[in-house]
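Engineer: okay, predicted coordinates and the sequence, questions at the end:
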Amino acid sequence: MGSKKKRKRGERPTIHPRNKYAGIPPDFSLLASLYPSFKPYVFYSTDGRPKIDWTDFDATRELTRVLLLHDHHLNWWIPDGQLCPTVPNRSNYIHWIEDLLSSDIIPNALSSGDIVKGFDIGTGANCIYPLLGATLLGWSFVGSDVTDVALEWADRNVKNNPHISRLIEIRKVDGEVNTLDWGESHIDRSVDGENCINPSEIGPVGLDPAISSSLELNFGGNQSYQGPPILLGVVKDGEYFDFCMCNPPFFETMEEAGLNPNTACGGTPMEMVCPGGEQAFISRIIEDSAQLKRSFRWYTSMVGRKSNLKILTSKLWEVGVSVVKTTEFVQGQTCRWGLAWSFVPPAKKIISSRVGEKRDLSFMLEGIQRQYGAFHVLQSVESFFSSSGASSKSNVASFYVDVNASQYNSDAILKNEMENIKQAASHQYEGDKSSGSNSLNFPSSELSFRISVFQQIAGTLLVRGSLQQKETPLGGSPHILILV
């Protein structure tokens, strides 16, 4: 996995490259000519550029309506006062989840066969994420919410688009459920020893006391979430999802929500505010995820304050996640961040690189569980090559492993033909036994390389393979083998 190129100071991140509006922002003049209802909201600056008044809720709502109709063939509307989403920004979030699902960070196995299944926490009257996910990528969704207005209009927006309505379920959350009644009796032990939900016993649920207490300690005096259920008590028995996503209530008060004088996106108190703000709300998602674990391949949320990322990431490592990923969403002058995590162990694979003239190969190994470090990776590398018939010797003090393998041996490893390796080892052993030797000798043509592991930060290592060819090189292009 290649290392990420750092952004230069002062350089702003760009819109997602697969976003429909990447490099081609909406043409207000064209939209005004095609949709008479939008025309009254468009005016022209002194330099002739078409603009709208972003502080006018009616203007932003009509822009969202015509963009969804013109670019995505979606019929859409929301009543006054409901949160009005910006289409380019919400599309960024969808495409980032698409990147996570298609990556090799964790094993790529969909929960529902060939169809990606997502869960939108607090879908709102706008139901924007299920509508975009279904029309752009054919994903199926469950969208949850609490208020009658949100549920009614989300359902209308789904039914007004019959070409995708079968892909979206709107689910009511019982706002009266007490989420603090979760007990250890609902926890089952899976075969690998990890805690998991016993689907037959899922009911109105809350938190594992141990998890709850550790998180409260970490947050000191900050308020904990006391609202309606988020995932526990909403996800049904036996349900599995590829991801969840959330546009959380970012603020603690409506006064705080109205501090930006440059926008008018609407939003009800239920959509915009909760005690403790986004930190408390996302913390509850983390707590729920620590109970549900692999019921979701990826848990994700949007974050409004960059300062909260570090706090939330620390909480994630505390509850034992295997992977944490972050990103930045850009839309005009507004920045939001994405936070994703998983309890699925990172994918393990053999990376093969035909190095030719190049004798070194290095890459970043991310998503390692916090309790494992360079020493454990070295042990794994040495054990793998030794069990495959190669000769390997580690230097713990310098954090490297030297490996010697025959051409046949290395080719067999690359092709994952372990049976061939065993047969070769057996054949060589028989030949050695007849000459009275107890050791396993390789043919004269050997591949020699060194694998070094360097600790970067918790959960991230730099792995480097260095080819150390002898005077009589092997035929063909040499390889560096690195176990991930």
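Structural biologist: All right, it came through fine.

Engineer: so His95 makes contact with His16?
Structural biologist: Yes. His95 lies in contact with His16 (Cβ atoms under 8 Å); the separation is 4.4 Å. Where you see a C-beta, it was placed from the backbone N, CA and C, and this is true even at glycine.

Engineer: between the two, which one's more packed in?
Structural biologist: Ranked by neighbour count (other Cβ atoms under 10 Å), His95 and His16 place His16 first, with 22 against 19.

Engineer: surely the more buried one is in contact with Asn92?
Structural biologist: Yes. The pair His16 / Asn92 is scored as a contact, 4.7 Å apart, by Cβ under 8 Å.

Engineer: show me where pLDDT drops low in the protein?
Structural biologist: 1-13, 111-112, 175-223, 250-273, 331-333, 348-358, 366-371, 407-445, 455-459, 469-484 (pLDDT under 70).

Engineer: mind running it again at 50?
Structural biologist: For the chain, residues meeting the criterion pLDDT under 50 lie at 1-5, 10, 177-221, 259, 261, 350-356, 417-444, 471-484.

Engineer: give the pairing partners of the longest strand seen in it; include direction for each.
Structural biologist: Longest strand in the chain, counting residues (DSSP state E): strand 446-457. Strand pairing for strand 446-457, using DSSP bridges, gives strand 400-406 (antiparallel), strand 460-467 (antiparallel).

Engineer: buried ones in it, by neighbour count?
Structural biologist: For strand 446-457, burial by neighbour count (16 or more other Cβ atoms under 10 Å) applies to 446-453.

Engineer: including distance to Leu63, could those residues go into CSV?
Structural biologist: Putting those into CSV (distance: Cβ to Cβ, whole Å) gives the following:
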residue, distance to Leu63
Glu446, 67
Leu447, 61
Ser448, 63
Phe449, 58
Arg450, 58
Ile451, 54
Ser452, 54
Val453, 52
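
Engineer: closest to Asp242 out of these?
Structural biologist: Val453 (31.6 Å; Cβ to Cβ).

Engineer: pull up the gap between the closest one and Trp76, please.
Structural biologist: 51 Å (Cβ to Cβ, to the nearest Å).

Engineer: likewise Gln279?
Structural biologist: Note on Gln279: its distance to Trp76, by Cβ to Cβ, is 31 Å.

Engineer: equivalent analysis for Glu382, please.
Structural biologist: Going from Glu382 to Trp76 by Cβ to Cβ gives 58 Å.

Engineer: equivalent analysis for Pro346, please.
Structural biologist: Taking Cβ to Cβ, one finds Pro346 at 39 Å from Trp76.

Engineer: more crowded one of the two?
Structural biologist: Using other Cβ under 10 Å as the criterion, Pro346 and Trp76 rank with Trp76 on top: 23 against 19.

Engineer: may I ask which helix or strand encompasses that one?
Structural biologist: Counting by DSSP states H and E, no helix or strand carries Trp76.
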